[in-house]
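Student: below are the sequence and a predicted model; questions follow.
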Amino acid sequence: MVSGVLLSLALASAASAQPEADLVRARKLYSQGLTQEAAGDWAGALASFEDVARIKATPQVRFHLARCKEHLGRFNEALGGYRISEYEAEKAGPKEQALVEEVRKAREALEEKIPKVTIVRGKGAEAIKIELDGVVLGDTQIGQPITLDPGPHVLTGIQAQGKSFKKTLNIAEGDAIRVVLDAPEESVEPAPAPQRSDAPAPKATPAPEAPVKDTPPAPSTPSAAPWVVGGLGVASLALSAVFYSMRVKAEDDLKSNCIGSVCPESMEETERNGKTYAALTGVTFGLGIVGVGAGALMLMTRSRPTPAAPPAATLRVHERGASLSFGGRF
């Protein structure tokens with residue numbers, strides 16, 4: 001056979017690039033494939049030629065792969081294989097001219113018998129998604145011939161609401177058919193009837209009133225305000241003690257460095273600080289007394305339904321020299 005001789009020459013010319021053991025195995029597999037072709041074992045021949053192609057894919061090998069696929073009903077794959085084999089053989093030049101003629105003859109014969117289906121949208125299918133054997137068809141494929149393998153094929157229409165319907169196509173060799181895809185009437189939602197403007201609006205039926213149940217009052221949670229106010233009062237008393245100790249220290253320094261009411265200039269700042277500490281001692285002491293008293297009063301009266309607000313407190317501070325007098329009313 002011409003193709004067998006051509007493959008042997010092609011494999012021999014590649015001996016410098018392929019290990020000799022691989023080439024020997026490729027020749028053996030190629031011969032095995034030709035034998036399987038002659039016996040009509042197209043699936044076995046396809047497996048043998050695929051093994052050859054893994055070692056060295058030549059135009060001859062591609063031709064036999066396409067021929068096996070054609071006899072197995074895989075027309076689309078076969079047509080692509082013929083076209084690649086023809087292209088590669090033409091590129092090889094005059095030495096492959098015999099193969100070019102053989103491949104072209106096989107390709108043209110297959111193109112005559114490969115089925116073609118044209119799918120168009122019908123009633124209720126103007127905007128739905130269309131799938132052929134699970135593959136979504138693009139807008140450019142709708143209305144144009146599509147080549148298919150012989151056998152059954154499933155056409156699916158998917159609507160926007162998620163509903164779908166299917167149609168089975170049984171395609172034979174040489175068929176050239178046109179399929180109009182209509183959505184089933186039960187899957188098409190009818191358009192709502194227009195409402196007459198003069199028709200009275202339907203009266204709304206009032207919903208029955210649910211019986212009102214007495215809801216027990218939620219248990220009251222004790223307020224943390226008395227503890228917060230009392231805690232601030234205790235903190236103020238502690239701060240008052242700190243300022244008092246600082247005032248005492250300033251007075252001791254003045255007594256040590258002053259003669260009577262006459263003090264050196266270096267003690268002026270100590271004198272000012274002593275006055276400030278005295279004022280702060282009285283203020284924080286007063287706030288502490290007020291806070292502790294208010295907190296205690298809130299604790300005693302919080303169980304009443306409407307607790308009275310804490311009584312107002314007044315604080316008067318009189319500064320006399322380095323001493324402080326405090327008066328309070330609450």
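Tutor: All right, it came through fine. Numbering: from 1, shown residues only.

Student: for burial, what's the neighbour tally of W227?
Tutor: Residues within reach of W227, counting by other CB atoms under 10 Å, total 13. Using the backbone N, CA and C atoms, a C-beta is placed for each residue, glycine as well.

Student: let me redo that: F75
Tutor: Using other CB under 10 Å, the number of residues around F75 comes to 21.

Student: and the residue nearest to the spatial centre of the chain, which of the three is it?
Tutor: Nearest to the mean C-alpha position of the chain, by CA atoms, centre = their mean, lies G162 at 22.0 Å. Here G162 is coil, with the state taken from DSSP: H, G, I helix; E, B strand; the rest coil.

Student: my guess is M267 meets C258, correct?
Tutor: Yes. Contact criterion CB atoms under 8 Å: M267 and C258 qualify, at 6.4 Å.

Student: ok, which stretches of the stretch 201-330 of the chain are strands?
Tutor: 314-320, 323-329 (DSSP state E, counting those that start in this stretch).

Student: shaky segments in the stretch 1-150 of the chain?
Tutor: Filtered on pLDDT under 70, the stretch 1-150 of the chain yields the residue ranges 1-18.

Student: show the contacting residues for the residue nearest to the centre of the chain.
Tutor: If a contact means CB atoms under 8 Å, 6 or more residues apart in numbering, then G162 has no contacts.

Student: K129 versus that one, what's the distance?
Tutor: Distance of G162 to K129, given as CB to CB, to the nearest Å: 11 Å.

Student: picking up where we left off before, got the phi/psi numbers for the residue nearest to the centre of the chain?
Tutor: Phi and psi for G162, reported as degrees, to the nearest 10, are phi 90, psi -10.

Student: pull stretch 73-91 out as PDB, backbone CA atoms only.
Tutor: The C-alpha coordinates for stretch 73-91 follow below in PDB (Å, rounded to 0.1, in the frame of the first residue of the first chain):
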ATOM      1  CA  GLY A  73     -19.200   7.100  13.300                       C
ATOM      2  CA  ARG A  74     -17.100  10.000  14.700                       C
ATOM      3  CA  PHE A  75     -17.500  12.100  11.500                       C
ATOM      4  CA  ASN A  76     -16.600  15.500  12.900                       C
ATOM      5  CA  GLU A  77     -13.300  14.200  14.400                       C
ATOM      6  CA  ALA A  78     -12.500  12.300  11.200                       C
ATOM      7  CA  LEU A  79     -13.100  15.400   9.000                       C
ATOM      8  CA  GLY A  80     -10.700  17.400  11.200                       C
ATOM      9  CA  GLY A  81      -8.100  14.700  11.000                       C
ATOM     10  CA  TYR A  82      -8.300  14.500   7.200                       C
ATOM     11  CA  ARG A  83      -7.900  18.300   6.900                       C
ATOM     12  CA  ILE A  84      -4.800  18.300   9.100                       C
ATOM     13  CA  SER A  85      -3.300  15.300   7.200                       C
ATOM     14  CA  GLU A  86      -3.900  17.000   3.900                       C
ATOM     15  CA  TYR A  87      -2.400  20.300   5.100                       C
ATOM     16  CA  GLU A  88       0.800  18.600   6.400                       C
ATOM     17  CA  ALA A  89       1.200  16.500   3.300                       C
ATOM     18  CA  GLU A  90       0.900  19.500   1.000                       C
ATOM     19  CA  LYS A  91       3.600  21.300   3.100                       C
END
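
Student: is V100 in contact with E86, as I believe?
Tutor: Yes. The criterion here is CB under 8 Å, and V100 meets it with E86 at 6.2 Å.

Student: so the two - more neighbours on which side?
Tutor: Neighbours were counted for V100 and for E86 using other CB under 10 Å; E86 has more, 23 against 20.

Student: tell me which element that one is part of?
Tutor: helix 75-92 (DSSP states H and E).

Student: now that helix: buried residues?
Tutor: F75, E77, A78, L79, G81, Y82, I84, S85, E86, E88, A89 (16 or more other CB atoms under 10 Å).

Student: from those residues, which is closest to V154?
Tutor: V154 has its nearest neighbour among the buried residues of helix 75-92 in F75, at 17.8 Å by CB to CB.

Student: where's the closest one relative to A66, distance?
Tutor: Between F75 and A66 the distance is 10 Å, computed by CB to CB.

Student: ok, now L280?
Tutor: Going from L280 to A66 by CB to CB gives 104 Å.

Student: and those two? which has more neighbours close in?
Tutor: Legend: neighbour count by other CB under 10 Å for L280 and A66, higher for A66 (26 against 19).

Student: the buried residues of helix 75-92 into JSON lines, with extra columns for distance to A45?
Tutor: Output for these, formatted as JSON lines (distance: CB to CB, whole Å):
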{"residue": "F75", "distance to A45": "17"}
{"residue": "E77", "distance to A45": "15"}
{"residue": "A78", "distance to A45": "13"}
{"residue": "L79", "distance to A45": "18"}
{"residue": "G81", "distance to A45": "13"}
{"residue": "Y82", "distance to A45": "16"}
{"residue": "I84", "distance to A45": "18"}
{"residue": "S85", "distance to A45": "16"}
{"residue": "E86", "distance to A45": "20"}
{"residue": "E88", "distance to A45": "20"}
{"residue": "A89", "distance to A45": "20"}
